[in-house]
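In: Predicted model and sequence below, questions to follow.
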Amino acid sequence: MVSKIGHRQKEEAFLLKSVDYSDNHRILSMFTSSQGRLDFIALGAQNSKKRFSGVLDYLNCLRIDFIKPSRGSLLQLESVELIQEYTALRSDYDRMQAALSWLKLLHQVLKPYGVVPGLFLLMNEGFSALEQGDGLWEDIVFRRKALGLLGYGLQLEYCTHCGNSEGNFCHFLLEEGGMVCESCHPLKKNPIMGGFFSKFPWEFSTEPPQWLKDRGAQARKILDEAFQNYFAL
Ligand SMILES: [Zn+2]
């Protein structure tokens, strides 16, 4: 918790959400490296290019400088510097869409001061990976790993009931925390073609095999469904 009143602090951060406030200010939600999600007011931010140097934008890794004022609940953003911009990510629609969806997702699932160990690193690695990837694989890896870090790791490699990893069809059962095989599923509806997502390493650095590329949209849908249900989005 931030408790020192008036004490100046620095953090690395990603901007999650920004809304204009009053004539000239902005209310910002940021994902910081050591204090999780923090909410700020940036006084004069709509016009001040000097203090915020034009870098206070999505898809930048920032170093921020802020204070906790003696009144009011919002932290006060003092200045912002650019640590890293992701130019290749910004130049591609699918990559940019994936990155923006992560920001939106984290804004929805993180409470103020909610710290999730490993999540900031995952974000950093994910943005770096998006500089080169096609967007879909990185999106799948990010969502899968983020779910795990948030306490909802899914079993997608084999049946959560019997351990079977074979078969051409399987089913995603949220209440089981993952996939089940054809014979373990009670209703046998909505089967997933092509079976389990194998024991493949789900890492940004791994080149996804063709079978997973073919079912990428399906894998992303499963992960989306999990987020929507676990976090009531
Ligand atoms: Zn089974």
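Out: Nice, thanks for sending it over.

In: C-alpha from now on. contacts and neighbour counts both.
Out: OK.

In: Return the residue of the protein that is most distant from the centre.
Out: Ser183 (34.3 Å; CA atoms, centre = their mean).

In: roughly how far apart are that residue and Phe197?
Out: 17 Å (CA to CA, to the nearest Å).

In: swap in Asp94?
Out: Asp94 is 23 Å from Phe197, by CA to CA.

In: ok, the two, which is more surrounded?
Out: Phe197 (20 against 17; other CA atoms under 10 Å).

In: At which residues are the strands of the chain located?
Out: Using DSSP state E, the strands found in the chain span residues 8-21, 25-32, 36-42, 60-67, 75-85, 169-173, 178-181, 192-193.

In: Tell me which of these lies nearest to Val109.
Out: Comparing the strands of the chain by their distance to Val109 (CA to CA), the top pick is strand 36-42, with 9.9 Å.

In: tell me the average confidence for the closest one?
Out: Averaged over strand 36-42, pLDDT sits at 95.

In: and it, what does it pack onto?
Out: Counting contacts by 3 or more CA pairs under 8 Å, 6 or more residues apart in numbering; DSSP states H and E, strand 36-42 is packed against strand 25-32, strand 75-85.

In: Please name whichever of those strands is nearest to the ion.
Out: Taking CA to the ion, strand 25-32 is the member of the helices and strands packed on strand 36-42 nearest to the ion, at 39.3 Å.

In: Now do that closest one: everything it contacts.
Out: Strand 25-32 has contacts (CA atoms under 8 Å, 6 or more residues apart in numbering) with 11-21, 37-46, 106-107, 120.

In: List buried members of these by neighbour count.
Out: Taking 16 or more other CA atoms under 10 Å as the criterion, what is buried in the contacts of strand 25-32 is 11-18, 21, 37-46, 106-107, 120.
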